[in-house]
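Peer 1: Turn this into a structure:
(chains A, B and C)
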Amino acid sequence: MSDKPRIAVHKFSSCDGCQLAFLNMGEDLINLAEQVEIIHFAEAGPVAEDALVDIAFIEGSVVTAHDQQRIKQIRNNSQYLITIGACATSGGIQALKNLAADAADWPAQIYGQPQYIDSLDQSGAVSDYVKVDFELWGCPINSAQVVELVNSLLRGVSPIDHQDKVCLTCKQEQIVCTLITQGKPCLGPVTRNGCGALCPSFGRDCFGCYGPAENSNTIGLANRFAGLGLLPDEIQRRFKLVHASASENQRIIARDLTQDLAQDLAQESSDE
Amino acid sequence: MTRAAPKPQCDSHPYLPMEAEVVEFTAESPSIFTLRLKLTDEQQNQLYSFQPGQFNMLYLHGVGEVAISIVSDPQDERLIDHTIRAVGRVTKGLQQLKPGDRLGLRGPYGRGWPMQECKGQDVIIVTGGLGCAPVVAVINYILMRRKKFGKLTIIQGVKHSDDLIWRERYDYWNTLPDTQVLIAADHGGAVWPFHHGRVTDLFSKSIVDPANAFAMLCGPEGLMQAASTGLIDLGLQPERVYLSMERNMQCAVGHCGHCQYGKDFICKDGPVFSYPEISDRLGVQGV
Amino acid sequence: MYGSETGFLARESLPELFSLLHVQGFDIVAPQIQDGSILYQVITGAEQLPSGWQDQQQPGSYRLTQTESPLNFSWANGPQALKPWLFAPREVIWRAEKQPDGRLQFCEPDAPDRKLAVLGVRSCDLAALKLQDAHFLNNRYHDPYYAARRKGLLIIAVNCSHPADTCFCVSTGDGPHAEQGFDLCLTELENGFLISSGSETGNDLYEKLPLTKATEKQLHNQLQQKLSASKQQRALPQIPVKQLLSERRDHPRWDDIAERCLACGNCTQVCPTCFCHKEGDLASLDASTSEHLREWDSCFSEGHGYMAGHQARPEIKDRYQQWMIHKLSSWHDQYGRSGCTGCGRCTTWCPAAIDFVEEVNLICGDES
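Peer 2: Numbering: from 1, shown residues only, chains lettered A, B, ... in the order given. The predicted structure follows:
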C-alpha cells in the first residue's frame, strides 16, 4: 500500500456537477492522481464505497433513510470529511421542499405508485447528520477551488475558508455593477466569492449560488431591493433559490416581509 | 517620534524572502514549539542583525507567510529562534517542520523594545496568555547582561494553571539574584502554588523601584490596558511603560494596511509602543 | 517653466496627439463605454473616444445617456481610473521554487516596463495618485511593482466640466480643475481642447502639437467652465472632522449605518486612495513551485481584522468606522492630509446607497 493520502468521492442527491470539478481539472487531474490514491469515485471509475480513506468528499444532500445510514458509515470510514457544493453543504435547491407545509404529500401528488418512493420530508445538509471538517461552497464548485483545497490538505494545513463577497471579485476584474447601473437585485453583496463573478461578468445579477458570505447583511440588502421597487414576494424569491436553508437567507424567507416593509416605509415617511 | 525602527536591510525588494534552514525543533508544549533557524546564504547570514522585540516573516512553502517575533539573543551565533504557538493555518504547518527543512525568512521588521534606554534601570515585565514570545527575548537579553540592568520582576498571568509552559524556566529565573518571578492564574488547580487572580494584584509585591523602572508588557489588550494603568498608579512614568501590540500583518513593510491601529502601522511603527503613543486607542472597540 | 502657455488643439487634430504618443512608444489608456459605465481601457486611435455621453450619479445609482454633443469628456467619472493601472488588483510578487534536494529558491517576476499614457485623468484622481505615491513610493519601504509602473506613466488630465451630483472635490480642495501632477492638461471646449503642459515630457509634446494660441474667448470659456463645475451639491463639512470622528465612536448614527451597510467593500475598491491588499499563495499540486500573490483587500473583509484566534473588527459597525475614520482622520497623521479627494465613487457604487458625505455631516453635524 502506498503512503499517498487515500481519497473517496461520494455522491448523494445531486446533479453530479460538483464531481465534474475534479474531472475538468485537466492537467491537474494527472498531477492529483500522482499525489493521492483515488479509492472510490464512481463517476470516474474506481468503486470501493466502504473503504477506509483519509479524505472523503461528499456531493449531494441527504434525502432518504438509506442516505442517513450511508453518511454515518462514510463518516466512520474517513479521517477528514469535506462537503462539496450547495447540496451537501446547505441542502441545495432541493431543500426548497423544506419550505413547503405539505412536502409529505408530494409523492402521492406526483407519482402513480408513491409507495416506491423512499424520501424524507426534508432535504438535509450533510452537517445535519454528521460532523463536517470543511465545507466547499458553490453550485457547482469549480476546479480552482478543488486544487487549492487539496493543496492545503497535502501540506497538512487547514484549507482557506474564502468568505469574502462577490463584489470584491467584480471590482478586481472591473466588472460593471449590475445593481448600480441597471437596478438589478444582485445578491453579490451577501454572497461568497470563488466563482470568479461569473454571472456579473455576463451582465447578469448574482443569484447567490456560492452561499452566504461572512457577515451577510441580508436584511439590509432586502430593504435595498424594496427601494429598487421589488415586491416582498419578489424579494423573498431572490433569497430562496439555491441556499434557501441557510440561516442568513432564512432571515428574509421566514419573515412576514409585506408587513415589515410596510412598517419600515411608514417609519421612513414619518421620519421625513 | 524619537525611537525609529532600524533601517531596513534589504530595500530593493522588500517582499522577497531569504532561504533559511531549520537547525533545531523544540516542542515546548503540545501546541507551542521553537524553531531555530539559520540563513543558508553566508553573506545574508553575516549581514543579518536584529533587536529584541523585532519580528520576521516566516514563509512555509506553498502555504504562506506569518509574522513571528524573534526570541533568541542578538549576539547568538547567527541562529535565529522563534517560539510559535500553532493556532493558525501557517503556524500549524510550521509545527510539522524537521531539522534540515527549508523555509523562507524576511526581516527583521518593526521597532523593538527600548533596551538601550533602560540600561541601568529596573525592569518589570508583565505578560499574559500563552507563551508570550516577544518578552522572552527581553528576559533572555537582560539575564545575559545581568549587571547592566537593575532589579527585574517578571509577572506572568495565565487563564488556567495548565496553560503555564516553561515552568522550570520560571523556577530557575526566580533563583537568580535581583530577579523575581510572580505568577497569577485566573483558575488555579488544587496544587497551584502561585497567586489566584489577576496580574495587577501582584504589582505591589514587585521588587523594582517604580521611580527608576521601565515596564514591558505583552498579552491580550485588556490585560495590557489594566496593567499599564496599574503600573502608572504604582509610580512608573507613563512614557516608560511599553506595550507590544498585535494585528494582522501580511506585508510587514507598511503597505498592506491590515495592521493599522489608528494612525499607526504596527508592523513599521511598532510592534512596541510606549503607553502615551497609544493610550488614546487602547481598549477602544474596533480600532 | 511649464504651464505658462495655453494652446488650442482643434478637435480634428486630436489624432496628432495619439500619433506623437505612439511614436514615443506609449500605449494609450482612455475612457470607453462598456456595460453602462465608463472604463479606462487601451485604445489605438482618437476616433475610439466616446462622444456625447453624460453620467447621472446618485447614491447607489449610475446611468449613462448619449446626446448629440461632440464632447468626449462631458461626464464626471466611472468606477475606476488610474488606480488599477498602477496598483494592480492582483499580481504575483514573487515565486518560490523547490529544488529536488529540498532547497528553496525565491525569484521576483520581471518588473513591468510598459509605457502608458492615460488620457482623461480627473483632478480628484491626480490628488489620489499623489496619496498612492506617498504610500507605495515615498515611504520607508518602496514598492518595486508600483514604482516600475509609475515610471512608465504619462498623464494627460482633462479638467472636469460636468461633475456628478455625488461629487464634492471642491470641498476637499482637489478640483474641479487640475493644478499640478500632470504632463499635459486639457480643457475640453466645443471645438477642441485648451492645452497646457506640466512637465518636461509634457513640454516636448506641447511643442510638437499643431496648436494655435488660445483666444481671449476660449480662456474666458475655460474660466466659466471651472466656475460652473465648482457649483457642487455635496460638501464635506468645513470643521475639524479629523478630531470629531474618532471622538464620536458612540454616536447613534453609526448603528444606523451598520443596519444598511452590507460590508461588501465596494466603497474601498472604487476609492482611488485605498491601498489595502492581502497576500496569498498558489502552489502547484506537486509543490514544486508556488506563486506568492497579492490582491486588493478591504477593511470590510473578515480577513482584514483577523488575528490568530481573535477578530479586531467583528461587527459591520466596527468596519464602517475603520473605513471612515481612517479615510478622514488617520490619513492626516499618516500622509499629511485627508484620504478623501471628493470623487464620490464610494457613494455612487454603494449597493446600499449609503451617502458618505451625508453620514459625515450627520455624525459631525452639531459642530457645523
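
Peer 1: pLDDT score assigned to the residue nearest the centre of chain A?
Peer 2: In chain A, the residue lying closest to the centroid (CA atoms, centre = their mean) is A:Ala86, at 1.9 Å. Per-residue pLDDT puts A:Ala86 at 97.

Peer 1: my guess is it meets A:Ser123, correct?
Peer 2: No - counting by CB atoms under 8 Å, A:Ala86 stays clear of A:Ser123, with 10.7 Å between them. C-beta: built from backbone N, CA, C; applies to glycine.

Peer 1: Wait, a strand at C:Tyr62?
Peer 2: Yes - assessed with DSSP: H, G, I helix; E, B strand; the rest coil, C:Tyr62 lies in a strand.

Peer 1: Would you quantify the distance from it to A:Thr83?
Peer 2: Distance of C:Tyr62 to A:Thr83, computed by CB to CB, to the nearest Å: 38 Å.

Peer 1: Could you chop chain C up by domain?
Peer 2: C:7-88+C:110-229, C:241-276+C:297-367 (automatic domain parsing).

Peer 1: The longest one: end-to-end distance?
Peer 2: Between the opening and closing residues of domain C:7-88+C:110-229 we find a distance of 22 Å, counting by CA to CA, to the nearest Å.

Peer 1: contacting residues for the closest residue to chain C within the stretch 51-200 of chain B?
Peer 2: Among all residues of the stretch 51-200 of chain B, B:Gly62 sits closest to chain C, at 3.4 Å; criterion: CB to the nearest CB. Counting by CB atoms under 8 Å, 6 or more residues apart in numbering or on different chains, B:Gly62 makes contact with A:Asn151, A:Arg155, C:Ala96, C:Lys98, C:Asp281, C:Ala283, C:Ala287, C:Ser290.

Peer 1: Strands - which of these land there?
Peer 2: C:Ala96, C:Lys98, C:Asp281, C:Ala283, C:Ser290 (DSSP state E).

Peer 1: Could you check which residue of the stretch 51-200 of chain C lies nearest chain A?
Peer 2: Counting by CB to the nearest CB, the stretch 51-200 of chain C gets nearest to chain A through C:Pro89 (3.9 Å).

Peer 1: which of the domains of chain C sits most buried?
Peer 2: Of all the domains of chain C, domain C:241-276+C:297-367 has the most neighbours on average by mean count of other CB atoms under 10 Å in any protein chain shown, namely a mean of 21.

Peer 1: ok, so what distance separates C:Lys208 from B:Val135?
Peer 2: With CB to CB as the criterion, C:Lys208 and B:Val135 are 65 Å apart.

Peer 1: what number of residues lie near the residue in chain B positioned nearest to chain A?
Peer 2: Chain B approaches chain A most closely through B:Gly93 (4.1 Å), counting by CB to the nearest CB. Look at B:Gly93: counted by other CB atoms under 10 Å in any protein chain shown, it has 22 neighbours.

Peer 1: can you map out the strands along the stretch 201-350 of chain C?
Peer 2: Ranges of strands within the stretch 201-350 of chain C are C:212-213, C:277-283, C:289-296, C:306-307, C:310-311, based on DSSP state E, counting those that start in this stretch.

Peer 1: Only C-alpha atoms, please: export the longest one in CSV.
Peer 2: I take that to be strand C:289-296. The C-alpha trace of strand C:289-296 is given here as CSV (Å, rounded to 0.1, in the frame of the first residue of the first chain):
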residue,chain,number,x,y,z
THR,C,289,6.5,25.9,-7.4
SER,C,290,4.4,28.4,-5.5
GLU,C,291,3.4,31.8,-6.5
HIS,C,292,3.0,34.5,-3.8
LEU,C,293,0.2,36.8,-4.9
ARG,C,294,-1.3,40.0,-3.6
GLU,C,295,-4.7,41.2,-4.4
TRP,C,296,-6.9,44.2,-3.3
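
Peer 1: Which strands or helices does it pack on?
Peer 2: Strand C:289-296 sits against helix A:166-172, strand C:90-98, strand C:277-283, with contacts defined as 3 or more CB pairs under 8 Å, 6 or more residues apart in numbering or on different chains; DSSP states H and E.

Peer 1: Let's verify B:Leu243: helix, strand, or coil?
Peer 2: Assignment for B:Leu243 (three-state DSSP): strand.

Peer 1: Might you report the residue contacts of it?
Peer 2: Applying CB under 8 Å, 6+ apart to B:Leu243 gives the contacts B:Leu217, B:Cys218, B:Met224, B:Ser228, B:Val272, B:Phe273, B:Ser274, B:Tyr275, B:Ile278, B:Leu282.

Peer 1: Secondary structure element holding the fifth one?
Peer 2: In this case it means B:Val272. strand B:272-274 (DSSP states H and E).

Peer 1: Name the strands paired with that strand and say parallel or antiparallel.
Peer 2: Here strand B:272-274 is paired, per DSSP bridges, with strand B:241-244 (antiparallel).

Peer 1: Wait, C:Ile38 touches C:Gly78, no?
Peer 2: Yes - C:Ile38 lies in contact with C:Gly78 (CB under 8 Å); the separation is 3.3 Å.

Peer 1: So which of the strands of the stretch 201-350 of chain C is nearest A:Gln69?
Peer 2: Shortest separation from A:Gln69 across the strands of the stretch 201-350 of chain C is recorded for strand C:277-283, at 37.9 Å, computed as CB to CB.

Peer 1: residue ranges with poor pLDDT in the stretch 51-200 of chain B?
Peer 2: B:130-131, B:161-163, B:188-192 (pLDDT under 70).

Peer 1: and B:His187, how many neighbours does it have?
Peer 2: 12.

Peer 1: beta partners for it?
Peer 2: Beta-bridge partners, per DSSP bridges, of B:His187: B:His160.

Peer 1: per-residue confidence at A:Arg70?
Peer 2: At A:Arg70, pLDDT is 97.

Peer 1: what about it, distance to A:Ile7?
Peer 2: 17 Å.

Peer 1: the more surrounded of the two?
Peer 2: A:Ile7 (25 against 18).

Peer 1: how about whichever strand or helix holds that one, does it reach chain C?
Peer 2: Per DSSP H and E, A:Ile7 falls inside strand A:6-11. No - residues of strand A:6-11 contacting chain C under CB under 8 Å from any CB of the partner chain: none, with a closest distance of 12.9 Å.

Peer 1: partners of that strand, with directions?
Peer 2: Strand A:6-11 has these strand partners (DSSP bridges): strand A:37-41 (parallel), strand A:53-59 (parallel).

Peer 1: Please point out which parts of the longest one sit buried.
Peer 2: Judged by neighbour count using 16 or more other CB atoms under 10 Å in any protein chain shown, the buried positions of strand A:53-59 are A:Val53, A:Asp54, A:Ile55, A:Ala56, A:Phe57, A:Ile58, A:Glu59.

Peer 1: Spit out the contact partners of the last one.
Peer 2: Same thing as A:Glu59. So A:Glu59 contacts A:9-12, A:14, A:16, A:18-19, A:83-85, A:87-88 (CB under 8 Å, 6+ apart).

Peer 1: Throw these into TSV and include neighbour count, thanks.
Peer 2: Formatted as TSV, the contacts of A:Glu59 follow (neighbours: other CB atoms under 10 Å in any protein chain shown):
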residue	neighbour count
A:Val9	24
A:His10	23
A:Lys11	18
A:Phe12	23
A:Ser14	23
A:Asp16	14
A:Cys18	29
A:Gln19	24
A:Thr83	27
A:Ile84	30
A:Gly85	32
A:Cys87	32
A:Ala88	33
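
Peer 1: Farthest pair within those?
Peer 2: Among these, A:Asp16 and A:Thr83 lie farthest apart (CB to CB), at 15.0 Å.

Peer 1: Next, the contact list for the residue most central in space within chain C, please.
Peer 2: Residue closest to the average C-alpha location in chain C (CA atoms, centre = their mean): C:Pro272, at 3.4 Å. If you count contacts by CB under 8 Å, 6+ apart, C:Pro272 has them with C:Gln80, C:Ala81, C:Leu82, C:Lys83, C:Cys124, C:Asp125, C:Ala128, C:Leu129, C:Gln132, C:Thr341, C:Cys343, C:Arg345.

Peer 1: Can you give me the distance of it to C:Gln232?
Peer 2: 17 Å.

Peer 1: All set now, cheers.
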